[in-house]
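> For reference, the sequence and a predicted model appear below.
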Amino acid sequence: MNNVTTGTIARTIVLILALANQVLAMCGKQVLNIADDDIYQTVSLLFTIGASAAAWWKNNSFSVNAINADKYLNKLKKNESEEK
């Protein structure tokens with residue numbers, strides 16, 4: 001799912017809602033009143049929240065000292081796993 005764009009997902013959701021809306025209209029039920037832009041903005045917001053959470057959770061080392069510390073930590077982890 002790495003190559004699927006936000007636009008593709010938004011259009012798919014809109015299609016599903018349109019189909020559901022058509023079925024509701026055929027059954028005499030109240031139809032859904034949702035604009036395409038609302039769906040696109042919601043999907044975009046969900047992707048933004050997901051990307052923000054992933055970036056926040058991941059260790060992001062910017063300074064030289066932090067990068068060196070990450071290398072040292074990885075070396076320690078590697079040595080520890082080799083000892084087992």
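Now that the structure is in, tell me what you want to look at. Residues are numbered from 1 along each chain as shown.
> Next up, the contacts around residue 73.
By CB atoms under 8 Å, 6 or more residues apart in numbering, the contact set of residue 73 is empty. From N, CA and C alone the C-beta is placed, and that goes for glycine too.
> which element is it on?
In the assignment (DSSP states H and E), residue 73 maps to helix 64-83.
> pLDDT on that helix, on average?
In this model, helix 64-83 has an average pLDDT of 89.
> in it, what counts as buried?
Within helix 64-83, no residue counts as buried by 16 or more other CB atoms under 10 Å.
> send the alpha carbons of it over as CSV?
What follows is helix 64-83, C-alpha atoms only, in CSV (Å, rounded to 0.1, in the frame of the first residue of the first chain):
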residue,chain,number,x,y,z
VAL,A,64,26.8,14.7,15.5
ASN,A,65,26.8,13.5,19.1
ALA,A,66,23.3,12.0,18.8
ILE,A,67,24.2,10.2,15.6
ASN,A,68,27.4,8.8,17.2
ALA,A,69,25.4,7.7,20.2
ASP,A,70,23.0,5.9,17.9
LYS,A,71,25.9,4.1,16.2
TYR,A,72,27.3,3.1,19.6
LEU,A,73,24.0,1.8,20.8
ASN,A,74,23.5,-0.2,17.6
LYS,A,75,27.0,-1.7,18.1
LEU,A,76,26.2,-2.6,21.7
LYS,A,77,22.9,-4.2,20.6
LYS,A,78,24.8,-6.2,17.9
ASN,A,79,27.4,-7.4,20.3
GLU,A,80,24.7,-8.4,22.8
SER,A,81,22.8,-10.4,20.2
GLU,A,82,26.0,-12.2,19.1
GLU,A,83,26.7,-13.3,22.7
